[in-house]
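based on what follows, work out the 3D shape:
(one chain, ligands or ions: 1)
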Amino acid sequence: MPDQPSRLRATAKTPSLGEARRGAEDAKARTRQSPSEQGSPATSFPVDDVRRRFPALERAGRFLFFDNAAGAQIPATVLEAVTDHLLARNVQRGGPYRHSREVDAIIGRARESVAAFVNARSADEIAFGLNATSFIRAISLAVGQTLESRPEIIVSDLDHEANVATWLALERVGARIVWWRARVGDDGARLHAADLEPLLTERTRLVACTMASNATGSLVDVADVARRAHEVGAEAFLDAVHYAPHGSIDVRALDCDYLVCSGYKVFAPHMGFAWCRREAINHLPIFREDFIPDVTPDKLEAGTYAYESVAGMAAAVAYLEDLGRDFLAHPGADTRGRSSDPNYAGADANVGPARDHVGPDPRVGAAASRAETVRLAMHTIAEYERALSKRLLDEVASIPGVTVHGVTDRDHLHERVPTLCFSVAGHRASTVAAGLASRDVGVRSGHMYSPRLMARLGLLPAGAVRASLVHYNTAAEIAQFGAALREVVDTPDES
Ligand SMILES: Cc1ncc(COP(=O)(O)O)c(C=O)c1O
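Here you go, the predicted model:
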């Protein structure tokens, strides 16, 4: 079987980022400004080239995809990998014939790709499945059978309910739930790892928390969470779903025990994956048929999942690697410089401390490994997205009646992703979202599946409005969003 057939085919049809960049340079010489140049927050981020790789963006016309936290668009190469899989080998794995062996090989390579994405020690620590929630459920059910002298599970009131309700269900089997409460202040609601101190004891089995709030976009210092959990002999379970499209994940640096994620938030089709520390998962009594090996990844992959989505997930990582290689080939631009990126060691003091979500600067050293290449892509994306966050905040700051629930301090943009949660005085959240929808802006309103957080922020029952951006969004789109929001704000809410 040829190596990564879908990707090779895709390359023939779809320009690589480097090719797209060269084409764009020629086009720029011929035309004047591209949309993103009209006030781009970080002009050296190749957002026009990036956008060319996402067919849905081209098809969308004026429509703004500002609901990416509910699912992002996919590059053409991902679509081609899915199509290729369905056309060439839509069969069950594990058979002796060529097509089935190809499926096995594709799953194996996808594990390696996702292992690079999270910097796992080994590809067999990656399991594929339906979505993040079903992994949380499977793992929590097994944890519930191993409580013994550690009956306490710490959950937060900032998390998506998928990482709360699943653990609460363990009360039926004797678990005691300990609440880690967010601090509510000017920067919305934030989880502080230091607040775990009085909660963690020798009775704690596990701390479950998110890497970033899917409602407000604020980050959690999950490396500190894992360190504190381990100090008392407990485990750390991380929900990476909201964080994953926005920054680098390094499970070794985080030193966590479990991490779940959804492919459809990271430019892949609907599917989920889990990384589990081998020693941790292999000790858990996860449901499986007797003939399934009791080791990772097999024990976490009950039944059949969507292999075409797994092929798409591998292509999504390949896309990120492609970005990383392009950034390596074009070093030195302002937006990629060490001094302006707080994720890099020795960053400017005024942008805050380095985050622990990420490792050292991947450009240090010789040939970049796959994990380093992905990490570089995610570092660069994170930096561009901080500029988007600033643009978004500046845009809505000039609109009367808009209140942002989250980090707004421009010196602390490294503590958030470009997920903007806001309310408009005198307008219901659903009216604002509907008004924006009728003006070609796709956003979401309600409790964002984090009703406990919304309650803490005093926003129930209506909830808030959420605009969630990723690296293919632009400053020009933010200006269009701002204009649409101004019109909505100026229209009385008669609902
Ligand atoms: C932070 C977070 N956790 C968990 C989930 C649930 O993910 P899935 O749909 O893959 O089960 C979501 C979905 O939006 C989310 O944003």
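
which parts of the chain sit against the ligand?
131-133, 160, 162-163, 210, 214, 239, 241-242, 262, 272 (CB under 6 Å from any ligand atom). The C-beta positions use only the backbone N, C-alpha and C, and glycine is treated the same way.

most surrounded residue in these?
residue 239 (30 neighbours; other CB atoms under 10 Å).

now do that one against residue 261, distance only.
8 Å (CB to CB, to the nearest Å).

quickly list what's touching both of those two.
Taking CB atoms under 8 Å, 6 or more residues apart in numbering as the criterion, residue 239 and residue 261 both touch residue 132.

tell me who's in contact with residue 183.
189, 190, 191, 192, 195 are the contacts of residue 183 under CB under 8 Å, 6+ apart.

beta-bridge partners for it, please?
Residue 183 has these beta-bridge partners by DSSP bridges: residue 190.

quick check: pLDDT value at it.
On pLDDT, residue 183 comes in at 98.

again, but for residue 410
We have a pLDDT of 97 for residue 410.

how about residue 493?
For residue 493, the predicted pLDDT is 89.

also residue 1?
pLDDT, residue 1: 30.

check the stretch 301-450 of the chain for the residue nearest the ligand and tell me.
residue 449 (6.1 Å; CB to the nearest ligand atom).

can you pull out the helices in the stretch 101-250 of the chain?
With DSSP state H, counting those that start in this stretch applied, the stretch 101-250 of the chain shows helices at 132-144, 165-168, 222-231, listed in chain order.

tabulate the residues of the chain next to the ligand (CSV), appending pLDDT and distance to residue 87.
Output for the residues of the chain next to the ligand, formatted as CSV (pLDDT from 0 to 100; distance: CB to CB, whole Å):
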residue, pLDDT, distance to residue 87
131, 98, 25
132, 98, 29
133, 98, 30
160, 98, 35
162, 98, 33
163, 98, 37
210, 98, 37
214, 98, 35
239, 98, 34
241, 98, 30
242, 98, 33
262, 98, 25
272, 98, 24
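
ok, so of those residues, who is nearest residue 54?
For the residues of the chain next to the ligand, the minimum distance to residue 54 (CB to CB) is 18.1 Å, reached by residue 262.

I'd like to know which helix or strand in this protein has the lowest mean pLDDT.
One helix or strand of the chain scores below all others by mean pLDDT, DSSP states H and E: helix 5-13, with a mean of 33.

what's the domain layout of the protein?
Listed by automatic domain parsing, the domain ranges of the chain are 80-315, 385-487.

so who does the residue nearest to residue 209 when sequence neighbours are not counted touch?
Closest residue to residue 209 apart from its sequence neighbours, by CB to CB, 6 or more residues apart in numbering: residue 156 at 5.0 Å. Residues near residue 156 by CB under 8 Å, 6+ apart: 164, 179, 180, 181, 182, 191, 208, 209, 210.

determine the longest helix present in the chain.
Assignment by DSSP state H gives helix 370-397 as the longest helix of the chain.

immediately after that one, which helix or strand?
For helix 370-397, the following helix or strand on the C-terminal side (DSSP states H and E) is strand 402-404.

now the strands: where do they sit in the stretch 351-495 of the chain?
Ranges of strands within the stretch 351-495 of the chain are 402-404, 419-424, 441-442, 444-446, 464-468, based on DSSP state E, counting those that start in this stretch.

with distance to residue 378 added, can I get the domains of the chain in CSV?
Below are those laid out as CSV (distance: least, CB to CB, whole Å):
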stretch, distance to residue 378
domain 80-315, 4
domain 385-487, 9
